[in-house]
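Asker: one predicted model, sequence on top.
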Amino acid sequence: MLFFMIALIGFSLFFTLRFKKPQFLLIPVLSLLVYFIIEIALVPAPFLETLKFIFSLS
């Protein structure tokens, strides 16, 4: 997974610099967000309870 994220960041930087469009820099951020949501959904507890547990940790 780490290799995939590093490759995704590299491709995003390449396309950002080549086409001069900073929107390509959103791709790694959005992919991390999607990965985070998928990992939360894989927890066997209900989704909202899992979110409450995660954000109640301090």
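Answerer: Thanks, I have the structure now. None of the values given here were measured: they were computed from a predicted structure. Numbers count the residues shown, from 1 in each chain.

Asker: can you give me the helices for the chain?
Answerer: Remark: helices assigned in the chain by DSSP state H are 2-19, 26-41, 47-56.

Asker: and those as JSON lines, adding mean neighbour count and mean pLDDT?
Answerer: In this view, the C-beta of every residue, glycine as well, is placed from N, C-alpha and C. Listed next are the helices of the chain as JSON lines, based on neighbours: other CB atoms under 10 Å; pLDDT from 0 to 100:
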{"stretch": "helix 2-19", "mean neighbour count": "12", "mean pLDDT": "95"}
{"stretch": "helix 26-41", "mean neighbour count": "12", "mean pLDDT": "93"}
{"stretch": "helix 47-56", "mean neighbour count": "11", "mean pLDDT": "90"}
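
Asker: could you find the closest non-adjacent residue to the residue positioned nearest the centre of the chain?
Answerer: Nearest to the geometric centre of the chain sits L32, at 0.6 Å (CA atoms, centre = their mean). Distances taken as CB to CB, 6 or more residues apart in numbering place M5 nearest to L32, at 7.4 Å, with adjacent residues excluded.

Asker: need the contact list for that neighbour.
Answerer: P28, S31, L32 (CB atoms under 8 Å, 6 or more residues apart in numbering).

Asker: you'd agree the second one is up against L8?
Answerer: Yes: shown here, S31 and L8 form a contact pair, counting by CB atoms under 8 Å, at 6.0 Å.

Asker: tell me how far P22 lies from F36.
Answerer: Plainly put, P22 is 23 Å away from F36 if you go by CB to CB, to the nearest Å.

Asker: what comes into contact with stretch 33-48?
Answerer: M1, T50, L51, F53, I54.

Asker: neighbours around A45, how many?
Answerer: 11 (other CB atoms under 10 Å).

Asker: got a pLDDT number for it?
Answerer: Looking at A45, its pLDDT reads 89.

Asker: got phi/psi on it?
Answerer: Dihedral pair for A45: phi -80, psi 160, per degrees, to the nearest 10.
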